[in-house]
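Asks: Dropping a prediction and its sequence here:
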Amino acid sequence: MTKLLPRTKVPALSVRTVSGQTWALAERKPERFALVVFYRGLHCPICRGYLGELVKLEPEFRTRGVEVVAISSDTEERARRTASEWQLGNLTVGYGLDLVAARAWGLFISTSRGKTSAGIEEPAQFSEPGVFLVRADGTLYWSAVQTMPFARPHFRELLSAVDFVIAKDYPARGEVP
């Protein structure tokens with residue numbers, strides 16, 4: 001598993017989106033950051049609530065120069081169901097994250113345990129959650145990676161942190177290998 005360090009370039013990342021476009025991090029030019037949210041997939045009821053919070057706050061992130069994307073290793077069909085059934089509106093939803101790419105980002109990989117409490121079958125393998133703030137220059141600013149679906153960073157707190165970072169020109173921390 002890869003350990004990404006702040007102030008270093010993040011791995012390449014390119015996925016198809018439910019809007020029919022390709023979202024490639026290297027081609028994005030956010031004013032300040034790209035907020036890359038890796039979620040488990042359609043089968044995860046906790047992800048549903050988590051992305052629901054993100055949808056509500058996405059316009060506030062955008063006003064601060066933060067571009068938001070939510071990505072899973074789900075298939076196109078499952079990602080389309082996610083966007084529709086979870087009412088994700090204009091949130092950019094990427095799918096088909098290759099598990100090799102997921103590992104390059106330091107994400108944990110799990111195997112299926114059958115149907116979840118949402119009554120949806122887990123994929124044979126899928127990535128666990130991770131949240132990354134990537135500077136416009138493609139370097140890591142902040143990250144949180146998890147082995148489980150619960151106890152994730154709250155987007156409201158992250159929004160407040162972005163305000164602090166902007167106001168104080170706060171540097172990325174944790175860069176020493």
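Replies: Good, I have the coordinates.

Asks: Am I right that residue 52 sits in a strand?
Replies: No - counting by DSSP: H, G, I helix; E, B strand; the rest coil, residue 52 is not found in a strand; it is helix.

Asks: Give me the pLDDT value at it.
Replies: pLDDT, residue 52: 98.

Asks: quick one: contacts for it?
Replies: Going by CB atoms under 8 Å, 6 or more residues apart in numbering, residue 52 touches 86-87. The C-beta positions use only the backbone N, C-alpha and C, and glycine is treated the same way.

Asks: so how far is residue 45 from it?
Replies: To residue 45, residue 52 is 11 Å away according to CB to CB, to the nearest Å.

Asks: Now for the residue nearest to residue 78 when sequence neighbours are not counted, how many residues are close by?
Replies: The spatial neighbour of residue 78 that comes closest, neighbours along the chain excluded (CB to CB, 6 or more residues apart in numbering), is residue 42 at 4.4 Å. When neighbours are defined as other CB atoms under 10 Å, residue 42 has 28 of them.

Asks: cool, and residue 8?
Replies: 12.

Asks: The residue most central in space within the chain: which element?
Replies: Centroid check for the chain by CA atoms, centre = their mean gives residue 37 as the closest residue, at 1.1 Å. In this assignment (DSSP states H and E), residue 37 forms part of strand 33-38.

Asks: quick one: contacts for the residue nearest to residue 94 when sequence neighbours are not counted?
Replies: What sits nearest to residue 94 in space, not counting adjacent residues and going by CB to CB, 6+ apart, is residue 15, at 3.5 Å. With contact set as CB under 8 Å, 6+ apart, residue 15 has these partners: 22-23, 71, 94-97.

Asks: Which helix or strand contains the residue nearest to residue 78?
Replies: Using DSSP H and E, no helix or strand contains residue 42.

Asks: packing partners for the one helix or strand residue 110 maps to?
Replies: Using DSSP H and E, the element containing residue 110 is strand 109-111. Contacts defined by 3 or more CB pairs under 8 Å, 6 or more residues apart in numbering; DSSP states H and E place strand 109-111 against helix 99-104, strand 125-127.
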